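1. prediction below, plus the sequence it came from.
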Amino acid sequence: MRILLDTTQTHCLIHKYIPMQRKEFLKTLGAGAFFALTAGCFGGCRKDDEDFTPTENVDFTIDLSDSTYANLQQNGGYIIQDRVVVAKDNDGNYVAATQRCSHEGSYEIVLRNNEWFCTDHSARFDLSGQGLNAEGSRNLTIYQTELNGQMLRVFS
């Protein structure tokens, strides 16, 4: 079946270019196609009181002598492990935060310019998790760090 959509006249032409009203065309699509076409809209909607605070307990250790974690040797460097961003700030302190942004729940937090930054919607947070702009107004979950020799513990 061949369907042509004429957007200037808001109707469709099927097979032999028989005019069809928009409402009839949408009925022919069926519910499955409707949901497939509108899923992005529904997925983008959220409630303002939705809570994106991580509920899992965090407790892991990183061996800083392991080359896997070489980014943590330089100030401003970071790694992501178990949905936690572990970083070395500009003063040489180890800091950690959830990777999940409190703005819309995406896992896009990184360390940028010595602050936590969401690459998805530009939410900004200071290193203590306090929001720095409207997108960051819900603050960010921060984890504790403890350095013992070359072993860095990250925990809640």
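-> It's in. Predicted model, so just to flag it, every value in this text is computed and none were measured.
2. can you show me the strands along this structure?
-> Using DSSP state E, the strands found in the chain span residues 3-6, 11-14, 18-21, 59-63, 78-81, 84-88, 94-98, 109-112, 115-118, 124-125, 142-148, 151-155.
3. redo those as JSON lines? Include mean pLDDT.
-> As requested, these are exported to JSON lines (pLDDT from 0 to 100):
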{"stretch": "strand 3-6", "mean pLDDT": "48"}
{"stretch": "strand 11-14", "mean pLDDT": "43"}
{"stretch": "strand 18-21", "mean pLDDT": "59"}
{"stretch": "strand 59-63", "mean pLDDT": "97"}
{"stretch": "strand 78-81", "mean pLDDT": "97"}
{"stretch": "strand 84-88", "mean pLDDT": "97"}
{"stretch": "strand 94-98", "mean pLDDT": "97"}
{"stretch": "strand 109-112", "mean pLDDT": "97"}
{"stretch": "strand 115-118", "mean pLDDT": "97"}
{"stretch": "strand 124-125", "mean pLDDT": "97"}
{"stretch": "strand 142-148", "mean pLDDT": "98"}
{"stretch": "strand 151-155", "mean pLDDT": "98"}
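4. got TSV for the ones you listed, with mean neighbour count too?
-> Quick note: C-beta positions are derived from backbone N, CA and C, even for glycine. Shown next, in TSV, are those (neighbours: other CB atoms under 10 Å):
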stretch	mean neighbour count
strand 3-6	12
strand 11-14	17
strand 18-21	12
strand 59-63	14
strand 78-81	16
strand 84-88	24
strand 94-98	23
strand 109-112	20
strand 115-118	22
strand 124-125	23
strand 142-148	14
strand 151-155	17
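5. could these go into JSON lines alongside distance to G131?
-> Shown next, in JSON lines, are the strands of the chain (distance: least, CB to CB, whole Å):
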{"stretch": "strand 3-6", "distance to G131": "44"}
{"stretch": "strand 11-14", "distance to G131": "48"}
{"stretch": "strand 18-21", "distance to G131": "49"}
{"stretch": "strand 59-63", "distance to G131": "26"}
{"stretch": "strand 78-81", "distance to G131": "19"}
{"stretch": "strand 84-88", "distance to G131": "16"}
{"stretch": "strand 94-98", "distance to G131": "12"}
{"stretch": "strand 109-112", "distance to G131": "12"}
{"stretch": "strand 115-118", "distance to G131": "10"}
{"stretch": "strand 124-125", "distance to G131": "6"}
{"stretch": "strand 142-148", "distance to G131": "12"}
{"stretch": "strand 151-155", "distance to G131": "22"}
